[in-house]
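quick one, fold the following:
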Amino acid sequence: MAAKRSGARGKRPQRTSETSEWLQPLHEPRSEPSLSRERIVAAAVELLDAQGVDGLTMRRLADRLGSGVMSLYWHVDNKEDVFDLALDSVLEYRGPPQIAQDWRGEVVHMLEDWRASMLRHPWSTLLLPRRALGPNILSRLELLSKTLSRAGVADADVNVAIWSLWNYVMGATITRASFDLSDDDRAAAQQRLTRLSERYPTIERSRLLLDNDWDGAFRKGLGFLLDGLSPR
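Just a heads-up that it's a prediction; the model follows:
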């Protein structure tokens, strides 16, 4: 909803033969495009994807929408509200695939989807730890809790299980999103490690710094965690 315009329009010139301007067509003021919370959130996600957290300002958001800044405040409270809404929108979970899965398959799908969502929008890894949890992430946590309970995880252990999986997903995602070494950089680091093999023999032998199977490592590490959660 656009902000109300104040003041009356200027009076038209008198209709006289000497007033040639009256013969020109009158142009009505161009109205702002209609706004909605959904449009604002979608534009905010685009802006965050392009410029990161520091790049989102209400002025830039309004410019992207072709709107006035004050018009945004009919739909959102402030920039912090925009951050909350944008973050929750990219963390929506549409559920597991239709094929039947055991509880482990459901948890793996849920957490791999969570990680993939944040990697598509790397700014989310910066916002999630310090924002209020919105309905989408809460729904995901609720589903995760139900799945673990159904699998036999004791009520007294569900919170520990949830936070362990949360920490694993966040740590793995933040590391992947911020790790920007090129193949050449990693090869040079591994060569340096080889020269220091007497000091670091185990990680040199495993060629740790050349291992870039991020997806495989995430899934295998998640398997280790789920092994520990499996009811005895």
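
contacts only, for the most centrally placed residue in the chain.
Closest residue to the average C-alpha location of the chain: S124 at 3.7 Å, with Cα atoms, centre = their mean. Residues in contact with S124 (Cβ atoms under 8 Å, 6 or more residues apart in numbering) are L87, V90, L91, S117, M118. From N, CA and C alone the C-beta is placed, and that goes for glycine too.

now swap in D88 and tell me
Counting by Cβ under 8 Å, 6+ apart, D88 has contacts G134, P135, N136, I137.

check which helix or strand the residue lying closest to the residue nearest to the centre of the chain once chain neighbours are set aside maps to.
Using Cβ to Cβ, 6 or more residues apart in numbering and skipping the chain neighbours, the partner closest in space to S124 is M118 (4.7 Å). Assignment of secondary structure by DSSP states H and E places M118 within helix 103-120.

now for the longest helix seen in the chain, which elements pack on it?
Longest helix of the chain, by residue count under DSSP state H: helix 155-178. Under the contact criterion of 3 or more Cβ pairs under 8 Å, 6 or more residues apart in numbering; DSSP states H and E, helix 155-178 touches helix 103-120, helix 124-127, helix 135-151, helix 214-229.

and it, what's buried?
If you call a residue buried by 16 or more other Cβ atoms under 10 Å, then helix 155-178 has these buried ones: V158, A161, L165, W166, Y168, V169, M170, A172, T173, I174, R176, A177.

give me the contacts around the helix or strand that comes right after it.
For helix 155-178, the following helix or strand on the C-terminal side (DSSP H and E) is helix 183-195. By Cβ under 8 Å, 6+ apart, the residues outside helix 183-195 that reach it are L181, Y200, I203, E204, R207, L208, L209, L210, N212.

which of the residues you listed are buried, as a ChimeraX select command?
In ChimeraX, this line selects whichever of those come out buried by 16+ other Cβ under 10 Å:
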select :204,209
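
touching, R219 and H109? I think so.
No - applying Cβ atoms under 8 Å as the test, R219 and H109 come out as separate, 10.8 Å apart.

domain ranges for the chain, per the record?
Listed by automatic domain parsing, the domain ranges of the chain are 33-90, 103-229.

returning to what we had before: let me know which of the helices and strands packed on helix 155-178 is the nearest to S36.
Smallest distance to S36 across these (Cβ to Cβ): 17.9 Å, for helix 135-151.

re the thing from before, now render the contacts of S124 as TSV, adding neighbour count, pLDDT and distance to L196.
Listed next are the contacts of S124 as TSV, based on neighbours: other Cβ atoms under 10 Å; pLDDT from 0 to 100; distance: Cβ to Cβ, whole Å:
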residue	neighbour count	pLDDT	distance to L196
L87	26	96	42
V90	20	96	41
L91	22	95	41
S117	17	96	38
M118	25	96	34
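
so S36 touches L72, yeah?
No - judged on Cβ under 8 Å, S36 makes no contact with L72 at a distance of 11.0 Å.

of these two, give the one with the bigger neighbour count.
Ranked by neighbour count (other Cβ atoms under 10 Å), S36 and L72 place L72 first, with 25 against 11.

distance check, that one against L47.
Look at L72 and L47: by Cβ to Cβ, to the nearest Å, they are 12 Å apart.

perfect, that will be all.
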